[in-house]
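Sharing a model prediction with you, sequence too.
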Protein chains: 2
Amino acid sequence: MAELTPRFMEMDLRASEATVLLAIKYNPGITPSDISRMLDMATANTTPLIRRLDKRGLVERTPVNGRSHSLSLTRDGGDLAEKVLGVVEDHERRLMDKIPEELQKPFMEAIAYLWKAEEQLP
Amino acid sequence: MAELTPRFMEMDLRASEATVLLAIKYNPGITPSDISRMLDMATANTTPLIRRLDKRGLVERTPVNGRSHSLSLTRDGGDLAEKVLGVVEDHERRLMDKIPEELQKPFMEAIAYLWKAEEQLP
DNA sequence: TATTGTTATACTCTATAACTATA
DNA sequence: TATAGTTATAGAGTATAACAATA
């Protein structure tokens, strides 16, 4: 994240904003409270974050009932999310390049086990 | 760090304080500015951190010349650093337990390559 | 009654600027 | 002139409490 954050800043995005952009990209129709649970953020912090993205015309909020909002990316939001994804993938490639080729696959497998264990937390 | 921080809090230590405690343990005689460079902290933040540890009787500051201070752990500081080390090692063991045994060695080797590349940054 | 979204607020961590004293 | 240590301060991230509106 220390290396990614400056890359996001070039796009006028905080790390959390970039993350939320990707969360909406892969889960169109998601609500702010869904995002809060998924990313383990306090809803009190999600609200102003979404509003910033909304004001910049990156996300669209449409009420699904009297209290929930369905979120989706605008054209601009989708383009920016694509850029974010490119930066993240570039970063991962750079990291992998530092590992000898024969260790890359077992490394990714090991990471997958850690990730799976993390997902199963209480 | 998200999992370690609460463990440190039980010892009334912030994550940064626990880290500095270990830095002094393994580098007795180190100065605050050395620590700042080693851990990439702003010296403005190191000063009050060291002072907190000093006030709690965990570290000892002895002037080496008119402006530098040599840091070392007191008896209490050494005991607490030992506890910190135990918590860290326990955490690492718990993480490794989530990875199948045949992947553990290649995983650690891959991590070592990433670590080495990190050390060679500008 | 529980949940969604919201506002206000507080605390921690981190970063910057400015300063004193010393090498 | 450069460095060590210090102070004050500002910003970002995160957490809690309280609330209104709605399911």
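Okay, I see it. Numbers count the residues shown, from 1 in each chain, chains lettered A, B, ... in the order given.

hey, let's count contacts and neighbours off CA atoms from now on
OK.

Need the three-state assignment for A:Cys82.
Small correction: residue A:82 is Glu, not Cys. Three-state call for A:Glu82 (DSSP: H, G, I helix; E, B strand; the rest coil): helix.

scratch that, A:Ser70 is what I was asking about
Under three-state DSSP, A:Ser70 falls in the strand class.

List the contacts of it.
A:28-32, A:60-64 (Cα atoms under 8 Å, 6 or more residues apart in numbering or on different chains).

where's it relative to chain B, distance?
30 Å (Cα to the nearest Cα, to the nearest Å).

all strands of chain A, in order?
A:59-63, A:69-73 (DSSP state E).

which one of the ones you listed is the most hemmed in?
Highest mean neighbour count among the strands of chain A (mean count of other Cα atoms under 10 Å in any protein chain shown): strand A:69-73, with a mean of 21.

Run me through the strand neighbours of that one, direction for each.
Paired with strand A:69-73 in the same sheet, following DSSP bridges, are strand A:59-63 (antiparallel).

ok, and what's touching the partner strand?
Applying Cα under 8 Å, 6+ apart, the contact partners of strand A:59-63 are A:50, A:53-54, A:69-74, A:77.

Can you give me the neighbour number for A:Ile24?
By the criterion of other Cα atoms under 10 Å in any protein chain shown, A:Ile24 has 22 neighbours.

for it, what are its contacts?
With Cα under 8 Å, 6+ apart, A:Ile24 has these contacts: A:30, A:71-73.

now, among the contacts of strand A:59-63, which is nearest to chain B?
A:Ile50 (24.5 Å; Cα to the nearest Cα).

how about that closest one, what does it touch?
Applying Cα under 8 Å, 6+ apart, the residues contacting A:Ile50 are A:32, A:59.

Likewise for the one 3 residues further on?
By Cα under 8 Å, 6+ apart, the contact list for A:Leu53 reads A:17, A:59.

how close does it get to A:Asp40?
For A:Leu53, the distance to A:Asp40 (Cα to Cα, to the nearest Å) stands at 19 Å.

what's the closest residue to A:Ser70 other than its chain neighbours in contact with, if anything?
Nearest residue to A:Ser70, sequence neighbours excluded (Cα to Cα, 6 or more residues apart in numbering or on different chains): A:Gly29, at 4.6 Å. Contact analysis of A:Gly29 by Cα under 8 Å, 6+ apart lists A:70-72.

Same check on A:Leu114?
B:95, B:98-99.

of those, buried ones?
Buried members of the contacts of A:Leu114, counted by 16 or more other Cα atoms under 10 Å in any protein chain shown: B:98-99.

of the contacts of A:Leu114, closest to A:Phe107?
Nearest to A:Phe107 out of these is B:Ile99 (Cα to Cα; 10.3 Å).
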